[in-house]
Structure formats: structure tokens, C-alpha cells
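> here are the coordinates; sequence isn't available:
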């Protein structure tokens, strides 16, 4: 994390938290999962992803990658952009600039793949008895075990992101300061691990379809490969956008950040806090309102 903290820390934290809250008000899972996710998966696979059974390991591998790409458009990825944005640019030649950007992406991917791969093995071994395997419909006034798992996992990830954002803003002590002094890439590995952990509670219908196929197969190699490819697909679009943005605007962004070092901390803090607040409020508070367990939560008409 940056050692140059913003002077108006309360303003940065407050505006970021407000942005995360407003995102929960307007966010439509039906649109993102159904309109965007399903259409992307159907187009890439060439058939109805939801209605066509996964026929074999090869089809499952393709389905894992495609469904990961289809699930890219999630607010959680804001944190990845926030953590990576200060690393744009810095080098002069195109080759050096690409290498400068790919190194943190590589460390982030390492943390992500370890978590998603291990979880894929666990799913292949015991997945049929896990809450995510359930196909039971949601019922008003009740929380299914599948929903509880999502709330717990995403709530914890959200709290971790909020704390990392507060640390980047200088509000609380940086928990990674000591280890980062010895291993500078530790923050990116942790960011990757959090992205990989999205799969542990992910409610995306296409992901749960893949989850059940891996669980029923009992094949740990298939489970690990499918879950790792799901994660790769989930960051593929972000990686391409990040590299393209870095090549087109990297020098300008780097000069803008270098002109005032605290800007790096503001970007990182805002990215983590927006995503963290969104995850806690959306998956732990708004879900309770949608299940009619609490009386009300503000939501846009289309949400």
C-alpha cells in the first residue's frame, strides 16, 4: 500500500462508501446474469448454455471458461481495477510497459488460481453435499443454506476489502505492511486470492451449473481445471482492458499520479471500499430485504 495518504481521508472514505451503497440500489442481477451473462455464454458456445447439458470433460472445460467470461461484468471487479490502476505506465517502450503491467497481473493470477484450484478439488470430492449444489428455489421469509453460504463468504470478502481500503487511505494500520516490505507482490497475491474466493459463494446460475457437473464427476483434475478456467475467464476481459488502457493512456496516468503521490492511495482506497461496501450491503442486507426478512431496502424499479 502507498505511504502517501490523502489529506481528506474522511471525504475519500465517505464518497467511496456512498458509491458502493448507490451501486447496490441500482444493481440488477437479473440484467447482468440473464441479459448479459446468458447472451454472452450462448453466443460463445453456440447453443443455449442453461438448457444444454454439459456433455463430458471437454465440454465442461469449454463451459467453465465461457461462463467465466460471461460472469465478468460484476461490481466486484472494481477492486481489481482500483488495485491495478496505479501500476499503469511507468516504462517508456511498449515492450517494457507491457512487462510492467503483466507482472502484477501474474502475481494476482497466481493467488487466484491457487484458491480456485483448491476449491475445485474440494468440490469434486464432496460437492454433492455442499449448499451450492442445491437446486431448491428461494422462498420468501427463509434463507436457504445456499444463500447463507453466499452471504457469509461475500460478506467476509467485503469486510476484508473495506479494511484494505481503509488501510490504503491511512485510517487503519496496513495489515500487509510488514510482509510487503519483504515480499512486494503480497498485496497482488491477496487480491487474486479474494477473486478466486468469489467462486466459494458465487450464485451466478451458469457457475452453479458448472459446479454441479464438477461435483457429480468426482474427478479432482477436472474440478481443479474447470474452476481455474472459470477464474481465468472472469478476469480475461479486465486483463485485456487493463493492458489496452495502459498502452494508450499509461504515460499520462503515471505522470498524473506521480504529480501527487497521494492519488495512488486514493485510487486504491476507493476501489476497495466501493467494492467492499457493495458486497456487504448487497449480499448481506439487500438479500434479507428480497427474502422479506427485513422490511425494506432502497432499490431502483429495474433492480
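Sure thing, it's come through. What you see is a predicted model; the values in this text were computed from it and never measured.
> residue 72: what secondary structure?
Classification of residue 72 using DSSP: H, G, I helix; E, B strand; the rest coil returns coil.
> give me the number of neighbouring residues for it.
18 (other C-beta atoms under 10 Å). All C-beta atoms are positioned from the backbone trio N, CA, C, and that covers glycine.
> pLDDT value on the closest residue in space to it that isn't next to it in sequence, please?
If the residues on either side of it in the chain are set aside, residue 72 comes closest to residue 237, at 4.5 Å by C-beta to C-beta, 6 or more residues apart in numbering. Note on residue 237: pLDDT of 83.
> could you do residue 88 as well?
Reported pLDDT for residue 88: 58.
> for residue 47, same thing?
In this model, residue 47 carries a pLDDT of 84.
> over to residue 76?
55.
> quick revisit: the residue nearest to residue 72: what secondary structure?
helix.
> what are the ranges of the strands in the chain?
Using DSSP state E, the chain contains no strands.
> show me where it dips below the pLDDT cut-off.
1-3, 73-93, 249-251, 253-254 (pLDDT under 70).
> roughly how far apart are residue 180 and residue 47?
According to C-beta to C-beta, to the nearest Å, residue 180 and residue 47 sit 46 Å apart.
> same thing with residue 95?
Taken as C-beta to C-beta, the span from residue 95 to residue 47 is 40 Å.
> for residue 21, same thing?
39 Å.
> comparing the two, which residue is more hemmed in?
residue 21 (17 against 10).
> what about the nearest residue to residue 234 once chain neighbours are set aside, neighbour count?
Nearest non-adjacent residue to residue 234, counting by C-beta to C-beta, 6+ apart: residue 68, 4.5 Å away. Neighbour count of residue 68, defined by other C-beta under 10 Å: 28.
> verify the stated contact: residue 68 with residue 237.
No - here residue 68 does not reach residue 237: they are 9.8 Å apart, not a contact under C-beta atoms under 8 Å.
> quick one, what contacts the nearest residue to residue 295 once chain neighbours are set aside?
Closest residue in space to residue 295, ignoring its immediate chain neighbours: residue 289 at 7.5 Å, by C-beta to C-beta, 6+ apart. Taking C-beta atoms under 8 Å, 6 or more residues apart in numbering, we find residue 289 in contact with 295, 296, 297, 299.
> now render those as JSON lines, adding neighbour count.
Listed next are the contacts of residue 289 as JSON lines, based on neighbours: other C-beta atoms under 10 Å:
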{"residue": "295", "neighbour count": "7"}
{"residue": "296", "neighbour count": "7"}
{"residue": "297", "neighbour count": "16"}
{"residue": "299", "neighbour count": "15"}
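> go through those residues and name the one nearest residue 35.
residue 299 (17.5 Å; C-beta to C-beta).
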